[in-house]
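In: model this:
(chains A and B)
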Amino acid sequence: MKYLPLVWASIMRKPTRAILTLLSVMLAFTLFGLTIGMNATFAKVQADARDDRIFAFARFGGAVPIALERQIESMPGVEKVASSSFVGGYIQEPKNRVFVNVMDENIPKVLPEYPITPQQWQLIRDTRQGILVSKMQADRWHLKVGDTVTIVSPATKKLDGTNSWIFKVVAVTPDMSIFGQGYMFGNYDYMDKARLLSDQGKTGQFRVKVSDPSKTAEIAERIVSNFANSSTPLESITEKVAFDVSTGTGMDIASVDREVALAGMFMVLFLTANGLAQAVRERFAEFATLKTIGFSDNGVVALVFAEAAIPCLLGAGLGIGLAAIISHVMPKFLPPGQGLPIPTMSVMVFVWAFICAGVVALISAGLPALRLKQMDIATALSGR
Amino acid sequence: MSAAISLRNVVKTYKRGKEAVPVLHGLSLEIPAGQFVSLMGPSGSGKTTILNLVGGLDHADSGEVIVGNEHLESLSGGQLTKWRGGHVGFIFQFYNLMPMLSAAGNVELPLLLTNLSKAERARRVEIALEIVGLKDRASHKPGEMSGGQQQRVGIARAIVADPPLLLCDEPTGDLDRATADEILSLLQQLNRQHKKTILMVTHDPKAADHASRQLEMDKGQLIERALATA
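Out: You can find the predicted model right below:
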């Protein structure tokens, strides 16, 4: 600690340079935090994905007849099937986009891990217009139990010719990481019976639960083959595959994220290494003086490392803190109901940031430290 | 009086490109403890080389360099560094202060290497600054002080760890006559009152006159100069 004033004075010798370096390091670590945090989100979604569930939906797009639910459920190995559709629209103004998942009564058995009690599920059965609103969405729209909310859904016309869907909040439920901006769950039956006759009896997709997880892939293939020649051919995909962020994008998003984070780290590395090399070059005679009056090689190297480490660690802390704030407020600025992932600022993200900051400081200090170790004091003092 | 500094048959040659430039060829010198010795001579005569050898900043090619009871030629780089911290105070022509530290911060630097408490370090810094007459300038940075004041800070830094030997490389080379005299008087005071052995390299005969013994380097050999009489 007694060397801290010396190190701090060295860093602040050129305040503008020090502050700009700190800001650059901070921004790089903000980027690092958000990308690694996004990977943490993807990893969690992937880890939480169940290996005993399948998504089944229309192969060529559009709705699926609800009647297929019973047919799929009767297939060997299938334990339960639930339908899931949605009413997508906005509250008051088109920019206030929302998305209500409407599901049938089987859903609690297919998605038992959702943090919703049987009593809460029952509430949307008992109240046709009832919706379960997650805390995040309730906060966003200032909703509480008993409130009525009108969603204008241009894509889902009602039987009465309007497209205003009225829902009643029956419970505020816990958020789930899989729904980054929160969720609203409603009653399929209400949506189905209230919409145009031509649209009734159809749903968006099925969630299929199988009894033996080792046969999930096989059953998914059987669903496809069984309905290949029906009026609505089906496509199916296991939940594990569906929740893999790389699926369907043609690239490994987690790797891309890591590479973006790595690019940020290289930016910081070049910046701090260059700044430090310049600072040491400018103060070569001062380091020679320190060595003259008794500072050891290792002592001088430690000072240089500390000079690199302080802005790196401070910038990492500030940058990750900023990333955490951004992650926290991001849901308020993103269109809700789109399922857009929000970075997860887990402890590991912080740990990785500080490890990377330490490594960057170490590498940045490497060359200047080597130069100082090899310094000929007499030559350096003479200014030659 | 025992010898504070003893150089015996010291040889030192520098390489300038492919060319070998001999600077000291079998030089011997004895400086008893408590002497204030000035060392003069033309540029390139080897004055600073002697200072560097005595200060443990450089190694002789052959011969013995004994300071106090220590044979410097037998010490490793790390041992020399540790030895310098406790036994030698350096005073430079251009002061070599850390511009971002206050006078007190600069003076405290050698004490950071000791196990002294913060309070004890502060006490010693205060004493050192008082000796050089800058107690009231402790919080000033070098940029806020005159050349003479900066050199006094440099002297305070050299004496704060109470080393028996002070090595001065042109300590008044960057100062006007009046200020130079003040600095030289201060060195005399350190020599007489605080019993410091001082070896001072200078080009200035008037500065050399402040020493109790004057030496001159000429073609790699030392010549004893007679002291100027008042």
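In: excluding sequence neighbours, find me the nearest residue to the one residue in chain B that gets nearest to chain A.
Out: Nearest residue of chain B to chain A, counting by Cβ to the nearest Cβ: B:Gly85, 2.4 Å away. C-beta here means a position set from N, CA and C on the backbone, and glycine is covered the same way. Spatial nearest neighbour of B:Gly85, excluding adjacent residues (Cβ to Cβ, 6 or more residues apart in numbering or on different chains): A:Gly294 at 2.4 Å.
In: what does the lowest-mean-pLDDT helix or strand in chain B contact?
Out: Lowest by mean pLDDT, DSSP states H and E among the helices and strands of chain B is strand B:221-225, with a mean of 84. Contacts with strand B:221-225, where a contact means Cβ atoms under 8 Å, 6 or more residues apart in numbering or on different chains, come from B:27, B:29, B:40, B:208, B:213-217.
In: picking that back up, assign the residue nearest to B:Gly85 to helix, strand or coil.
Out: Here A:Gly294 takes the coil state, with states given by DSSP: H, G, I helix; E, B strand; the rest coil.
In: list the contacts of A:Asn163.
Out: Residues near A:Asn163 by Cβ under 8 Å, 6+ apart: A:89, A:152-157.
In: redo that, cut-off 10 Å
Out: A:87, A:89, A:151-157, A:195 (Cβ atoms under 10 Å, 6 or more residues apart in numbering or on different chains).
In: return the distance of stretch B:40-60 from the chain's centre.
Out: 11 Å (Cα atoms, centre = their mean, to the nearest Å).
In: state the mean pLDDT of it.
Out: Throughout stretch B:40-60, pLDDT has a mean value of 90.
In: over to stretch A:152-169?
Out: If you average the per-residue pLDDT over stretch A:152-169, you get 91.
In: in chain A, what residue is nearest chain B?
Out: Distances between chain A and chain B by Cβ to the nearest Cβ are smallest at A:Gly294, namely 2.4 Å.
In: right, and that residue touches B:Leu57 too?
Out: No - the pair A:Gly294 / B:Leu57 is not scored as a contact, 11.6 Å apart, by Cβ atoms under 10 Å.
In: overlap in contacts, these two.
Out: B:80-81, B:84, B:88, B:90.
In: now the residues you listed as TSV including neighbour count, secondary structure and pLDDT?
Out: Supplementary listing: the shared contacts of A:Gly294 and B:Leu57 in TSV, determined by neighbours: other Cβ atoms under 10 Å in any protein chain shown; DSSP: H, G, I helix; E, B strand; the rest coil; pLDDT from 0 to 100:
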residue	neighbour count	secondary structure	pLDDT
B:Leu80	20	helix	92
B:Thr81	24	helix	91
B:Arg84	28	helix	92
B:Val88	25	strand	94
B:Phe90	24	strand	94
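In: flag the shaky bits of chain A, pLDDT-wise.
Out: Counting by pLDDT under 70, the low-confidence segments of chain A come to A:245-251, A:334-340, A:383-384.
In: wasn't B:Leu39 part of a helix?
Out: No - the assignment for B:Leu39, made by three-state DSSP, is strand rather than a helix.
In: dig out what it forms beta bridges with.
Out: Taking DSSP bridges as the rule, B:Leu39 bridges to B:Val201, B:Leu215.
In: cool, and A:Ile237?
Out: On DSSP bridges, the residues paired with A:Ile237 through beta bridges are A:Phe55.
In: against B:Met217, how distant is the nearest residue to A:Pro154 once chain neighbours are set aside?
Out: Nearest non-adjacent residue to A:Pro154, counting by Cβ to Cβ, 6+ apart: A:Asn163, 5.7 Å away. Computed as Cβ to Cβ, to the nearest Å, the A:Asn163 to B:Met217 distance reads 102 Å.
In: and what of B:Ser62?
Out: Shown here: B:Ser62 relative to B:Met217, a distance of 19 Å by Cβ to Cβ.
In: quick one, which of those two is more surrounded?
Out: Each of B:Ser62 and B:Met217 has its neighbours counted (other Cβ atoms under 10 Å in any protein chain shown); B:Met217 has more, 22 against 13.
In: apart from its chain neighbours, what residue comes closest to the more buried one?
Out: The spatial neighbour of B:Met217 that comes closest, neighbours along the chain excluded (Cβ to Cβ, 6+ apart), is B:Gly41 at 3.2 Å.
In: burial check on that neighbour, number of neighbours?
Out: For B:Gly41, the count of nearby residues is 22 (other Cβ under 10 Å).
In: and if you look at the one 4 residues further on?
Out: By other Cβ under 10 Å, 20 other residues sit near B:Ser45.
In: quick check, whichever helix in chain A runs longest touching chain B?
Out: Scanning chain A for the longest helix, with DSSP state H as the assignment, gives helix A:297-333. Yes - residues of helix A:297-333 contacting chain B under Cβ under 10 Å from any Cβ of the partner chain: A:297-300.
In: buried set for that helix?
Out: A:297, A:300-324, A:326-327, A:330-331 (16 or more other Cβ atoms under 10 Å in any protein chain shown).
In: for stretch A:282-299, same thing?
Out: Buried residues in stretch A:282-299 (16+ other Cβ under 10 Å): A:283-284, A:286-297.
In: next: stretch A:54-61.
Out: Of the residues in stretch A:54-61, those with enough neighbours to count as buried (16+ other Cβ under 10 Å) are A:54-59.
In: give the contact list for residue 39.
Out: Went with chain A since none was named. Residues touching A:Asn39, when contacts are defined by Cβ under 10 Å, 6+ apart, comprise A:245, A:253-258, A:261, A:341, A:343-344, A:348-349, A:352.
In: looking at chain B here, not the other one
Out: When contacts are counted by Cβ under 10 Å, 6+ apart, B:Leu39 is found next to B:29, B:31, B:45-48, B:50-51, B:168-169, B:199-202, B:208, B:211, B:213-217, B:222.
In: please repeat the previous calculation with a cut-off of 7 Å.
Out: Shown in contact with B:Leu39 (Cβ atoms under 7 Å, 6 or more residues apart in numbering or on different chains): B:47, B:50, B:199-201, B:215, B:217.
In: CA atoms only for the top strand by length along chain A, dumped as PDB, please.
Out: As assigned by DSSP state E, the longest strand anywhere in chain A is strand A:78-90. Listed next in PDB are the C-alpha coordinates belonging to strand A:78-90 (Å, rounded to 0.1, in the frame of the first residue of the first chain):
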ATOM      1  CA  VAL A  78     -46.100 -39.400 -26.100                       C
ATOM      2  CA  GLU A  79     -47.100 -38.500 -22.600                       C
ATOM      3  CA  LYS A  80     -48.800 -35.200 -23.000                       C
ATOM      4  CA  VAL A  81     -49.400 -32.500 -25.700                       C
ATOM      5  CA  ALA A  82     -50.400 -28.900 -25.100                       C
ATOM      6  CA  SER A  83     -51.200 -26.200 -27.700                       C
ATOM      7  CA  SER A  84     -49.700 -22.800 -27.700                       C
ATOM      8  CA  SER A  85     -50.600 -19.800 -29.700                       C
ATOM      9  CA  PHE A  86     -50.400 -16.000 -29.200                       C
ATOM     10  CA  VAL A  87     -52.100 -12.700 -29.500                       C
ATOM     11  CA  GLY A  88     -49.500 -10.200 -30.600                       C
ATOM     12  CA  GLY A  89     -50.200  -6.500 -30.600                       C
ATOM     13  CA  TYR A  90     -49.800  -3.300 -28.600                       C
END
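In: report all helices and strands that the helix or strand that that strand is followed by contacts.
Out: Heading C-terminal from strand A:78-90, the first helix or strand you meet, by DSSP states H and E, is strand A:97-103. Contacts of strand A:97-103 with other secondary structure elements, assessed using 3 or more Cβ pairs under 7 Å, 6 or more residues apart in numbering or on different chains; DSSP states H and E, are made with strand A:78-90, strand A:184-187, helix A:188-194.
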